[in-house]
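**Student:** using only what follows, build the 3D model:
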Amino acid sequence: MSTVDTGDETELEREVLDAEQEHDDVHDHDEAHHPSDKKYIQIAIILAVITAVEVAASYVDLGPIFIPALLGMMVAKFLIVVGFFMHLRFDNKIFTWLFYTGLILAVGVYVVALLTFQFFNS
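**Tutor:** Numbering: from 1, shown residues only. Modelled structure (predicted):
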C-alpha cells in the first residue's frame, strides 16, 4: 500500500481514521443494546428470589415434583445468567445455540443418571 500525499491527510491516515470510526460505531452499537444498571439490579433480585425458592423447596416435602421443579428453576436461572450477565442476548445466534445445546445435554445427562439410580421410582 502506498501513501500518497493529497494535501492534509495521507491515504494511510484516512484508512486509520476510517477504521477507528468503524470501531467506535460498533462500540456505540453494542452499548445501545445492553441493559441499564437498574435492569441488572432487577435481574439480580429475580435470581435471588429463584434461589430462595430453591432453598425453601428443599425444606418442604414436594413429593414427586421436587426434582422437576428444581430442574425448571435451574434452567430459568441459567437462561437469565447467560442471557444478560454473559451478554448472550446481544451476541451472535451461534453462541446462543451452543449454550442451549450444552444446557440440553447437561439436563439430559442428569436425568439419565437419576433414572439409572432409580431415583424417580422411590
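**Student:** now for residue 87: which residues touch it?
**Tutor:** residue 34 (C-beta atoms under 8 Å, 6 or more residues apart in numbering). Backbone N, C-alpha and C define where each C-beta goes, glycine included.
**Student:** what does residue 35 give?
**Tutor:** 43, 84.
**Student:** what about it, distance to residue 88?
**Tutor:** 13 Å (C-beta to C-beta, to the nearest Å).
**Student:** also residue 115?
**Tutor:** Distance from residue 115 to residue 88, counting by C-beta to C-beta: 30 Å.
**Student:** how about residue 82?
**Tutor:** 5 Å.
**Student:** and the contacts of stretch 98-108?
**Tutor:** With C-beta under 8 Å, 6+ apart, stretch 98-108 has contacts from 71, 74-75, 78-79, 82, 88.
**Student:** do that again at 10 Å, thanks
**Tutor:** 71, 74-75, 78-79, 82-83, 86, 88, 91-92 (C-beta atoms under 10 Å, 6 or more residues apart in numbering).
**Student:** now do the buried residues in it.
**Tutor:** Buried positions in stretch 98-108, judged by neighbour count with 16 or more other C-beta atoms under 10 Å: residue 99.
**Student:** please save the CA atoms from it in PDB.
**Tutor:** The C-alpha coordinates for stretch 98-108 follow below in PDB (Å, rounded to 0.1, in the frame of the first residue of the first chain):
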ATOM      1  CA  LEU A  98     -24.100 -23.600  21.600                       C
ATOM      2  CA  PHE A  99     -25.200 -22.600  25.100                       C
ATOM      3  CA  TYR A 100     -28.700 -24.100  24.600                       C
ATOM      4  CA  THR A 101     -27.100 -27.300  23.300                       C
ATOM      5  CA  GLY A 102     -24.900 -27.500  26.400                       C
ATOM      6  CA  LEU A 103     -27.900 -26.900  28.700                       C
ATOM      7  CA  ILE A 104     -30.000 -29.700  27.000                       C
ATOM      8  CA  LEU A 105     -27.000 -32.100  27.200                       C
ATOM      9  CA  ALA A 106     -26.400 -31.300  30.900                       C
ATOM     10  CA  VAL A 107     -30.100 -31.700  31.800                       C
ATOM     11  CA  GLY A 108     -30.300 -34.900  29.700                       C
END
